[in-house]
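**Student:** give me the fold of what follows.
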Amino acid sequence: MATFRYTALNKKDAYAKGVIESMSERSARNQLEKEGFMIVNLKKEKNESFSKLNNIIQSVSRVDRIFFTRHLYTMLESGISLDKAIRIISEQTANKKFKEILEDVHAKLQSGQALHYALSHHKKVFSNFFISLVRVGEKSGKLDEVLAYALEQQESDYELLTRARSAMVYPLVVLSALVIVVIFMMTFVVPRITEVLIQYNVKLPVATRIVIGLSNFLMHYGLYLVPGLILLGYLFRKWQTSRRGKRQWDSFILKIPRLKILIREFNLARLTRALSALLKSGMQIDNAMNLAAEVSNNSQYTDSLKDSIKFIQKGIPISETMRGYPKLYPTITSQMVSVGEKTGKLDYMLARLAAFYEKSVTTAMGNMASIIEPVLLISIGFTVAFMALAILTPIWKYADTV
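**Tutor:** Here you go, the predicted structure:
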């Protein structure tokens, strides 16, 4: 027996929905029609065990959270009540896991709990940054306006991350193709040619001996190489995610020429956008900086913001604390923040800074792609040429002796 979920009109032309068990969709439809239902939609439910497994594997993406914020903002702005808006969004959500979370949030709202408290039970999905914004919006009675700031921050953040990832797709695809071709040559082509060269006792050039040596290594130790690389990757990841390792790694990448500029501007774009959204919502500057610190994925920036809070609480301007970290905050950043503080428009100035750095990162990504493409093509050409010469040179020498 299979389970089917239906929506229909009953004998009184009233909207109805429910669940029915039947051998097939056709028999379920016939059974409902006999009972006087006019079927609007009939859908087979997935296997319960499969659904549970799917919920474990499935995750709530950044796009899901953006759509949630956008729909909630639009509905509240239209005058729809909060609990009804959450219920409508949960019904329209395709992601089963997110749907269950929103149903739980809706149940907590109906029991009289605040939205930020209901969201705080799902911190794996909703960040402290978002929950705090919602709390400020509820306390001020301007939840729809605060959600607009949150939406602006989420969309800008998503666009920035998407562009950064997109810039890396082409190089990774090309490098992966190159590695596959080289491995194929080393494991299938070179060994056969090596047998011929050894048979005719031809004196091999240095390049050929290097290629044959690499081929023999892959043939004999290739099976150990893959788990070895996986183990190294795991150990590196474990070190990188540890508190000490992350700080060392974040400090290291901020010292790499050219790359440090891109990383700095990327983090500044996210931080200034987040801080601007928090200040627009009416949050105090020290609390805003503490939450904005969580947005950065670089521990150097996180530590710098959290260390600055104690000075800000004693009346020291943000611009002054930024000047204490010249490698993290360029002069233009501290100067524009200083202007914002003096004019009382810090949130506006931070938004301007965010737009400036987002545009700068986008331009840098485009320039990087235009530089990487010819470098990759030259590298591929050099690799192919090296292997061709290594294989063909002894063959030409042998041909001359015949």
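**Student:** any chance you could map the strands in this structure?
**Tutor:** 2-9, 15-22, 38-44 (DSSP state E).
**Student:** what's the distance between Ser370 and Tyr170?
**Tutor:** 11 Å (Cβ to Cβ, to the nearest Å). Every residue, glycine included, has its C-beta placed from N, CA and C.
**Student:** wait, Ile183 sits on Phe217?
**Tutor:** No: using Cβ atoms under 8 Å, Ile183 is not in contact with Phe217, being 11.7 Å away.
**Student:** any chance of the strands of the chain in TSV, plus mean neighbour count?
**Tutor:** Output for the strands of the chain, formatted as TSV (neighbours: other Cβ atoms under 10 Å):
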stretch	mean neighbour count
strand 2-9	16
strand 15-22	12
strand 38-44	13
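**Student:** what is the least confident helix or strand in the chain?
**Tutor:** In the chain, no helix or strand scores lower on mean pLDDT, DSSP states H and E than helix 48-57, which sits at a mean of 48.
**Student:** who touches stretch 98-112?
**Tutor:** For stretch 98-112, the external contacting residues (Cβ atoms under 8 Å, 6 or more residues apart in numbering) are 55, 60, 64, 68, 82-83, 86-87, 89-90, 93, 115, 117-119, 121-122, 125.
**Student:** could you export the strands of the chain as JSON lines, including distance to Thr74 and mean pLDDT?
**Tutor:** Listed next are the strands of the chain as JSON lines, based on distance: least, Cβ to Cβ, whole Å; pLDDT from 0 to 100:
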{"stretch": "strand 2-9", "distance to Thr74": "24", "mean pLDDT": "80"}
{"stretch": "strand 15-22", "distance to Thr74": "24", "mean pLDDT": "78"}
{"stretch": "strand 38-44", "distance to Thr74": "25", "mean pLDDT": "81"}
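**Student:** tell me which of those strands lies nearest to Ser78.
**Tutor:** For Ser78, the closest of the strands of the chain is strand 15-22, at 21.9 Å, according to Cβ to Cβ.
**Student:** re earlier: Ser370 and Tyr170 - which one has more neighbours?
**Tutor:** Tyr170 (13 against 9; other Cβ atoms under 10 Å).
**Student:** assess the claim that that one and Val375 are in contact.
**Tutor:** No: look at Tyr170 against Val375 with Cβ under 8 Å: they stay out of range, at 11.7 Å.
**Student:** name the nearest residue to Tyr158, ignoring sequence neighbours.
**Tutor:** Excluding the flanking residues, the one nearest Tyr158 by Cβ to Cβ, 6 or more residues apart in numbering is Arg62, at 5.5 Å.
**Student:** distance of the one you found relative to Arg135?
**Tutor:** Taking Cβ to Cβ, one finds Arg62 at 21 Å from Arg135.
**Student:** neighbour count winner among the two?
**Tutor:** Arg135 (20 against 13).
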